[in-house]
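**Student:** Turn this into a model:
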Amino acid sequence: MPSPYIYAVFANDVYSSTAGTLPSGWTVLTDSTEQGFTSGNYNGRAYVNLASKQYVISHRGTEPTSIRNFYSDIQLFLGQAPTVFSSAALPFVNKVIEIMERENYEFVGVTGHSLGAA
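**Tutor:** Down below sits the predicted model:
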């Protein structure tokens, strides 16, 4: 099971357009841009540990300069599911699950910050 530190690294890493230095044994499996799920300024990344056969999905949170993210935050405040959840985040998660089931890997968790943790 990944440590809280590893989850924090992934929650931070997803804010950059390319992956940074990752904890030992972990690599990027895919990201939302590569899979074509970018609606609503969404950005997600899936990480895999090939030795332990575990994976983690990370969702980027609110970008303060993004009008789309601000709109999504308002939807959350009003108790509504942001449209980006169904148009990009959920399809990305489903695609990652499909890939990982083919490889017989174990789902470990999801991480994110702010809007990405919702």
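**Student:** Would you map the strands across this structure?
**Tutor:** Along the chain, counting by DSSP state E, strands occupy 26-31, 44-49, 54-59, 106-112.
**Student:** export those to JSON lines and tack on distance to Ser16 and mean pLDDT?
**Tutor:** In short, each C-beta sits where N, CA and C put it, glycine included. Shown next, in JSON lines, are those (distance: least, C-beta to C-beta, whole Å; pLDDT from 0 to 100):
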{"stretch": "strand 26-31", "distance to Ser16": "11", "mean pLDDT": "95"}
{"stretch": "strand 44-49", "distance to Ser16": "9", "mean pLDDT": "95"}
{"stretch": "strand 54-59", "distance to Ser16": "11", "mean pLDDT": "94"}
{"stretch": "strand 106-112", "distance to Ser16": "14", "mean pLDDT": "85"}
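**Student:** so which of the ones you listed comes closest to Tyr71?
**Tutor:** strand 54-59 (16.5 Å; C-beta to C-beta).
**Student:** can you tell me which residues contact the closest residue to Val93 other than its chain neighbours?
**Tutor:** Leaving aside its sequence neighbours, Val93 sits nearest to Ile57 (C-beta to C-beta, 6 or more residues apart in numbering; 5.9 Å). By C-beta atoms under 8 Å, 6 or more residues apart in numbering, Ile57 lies in contact with Gly44, Arg45, Ala46, Tyr47, Phe92, Val93, Val96, Gly109, Val110, Thr111.
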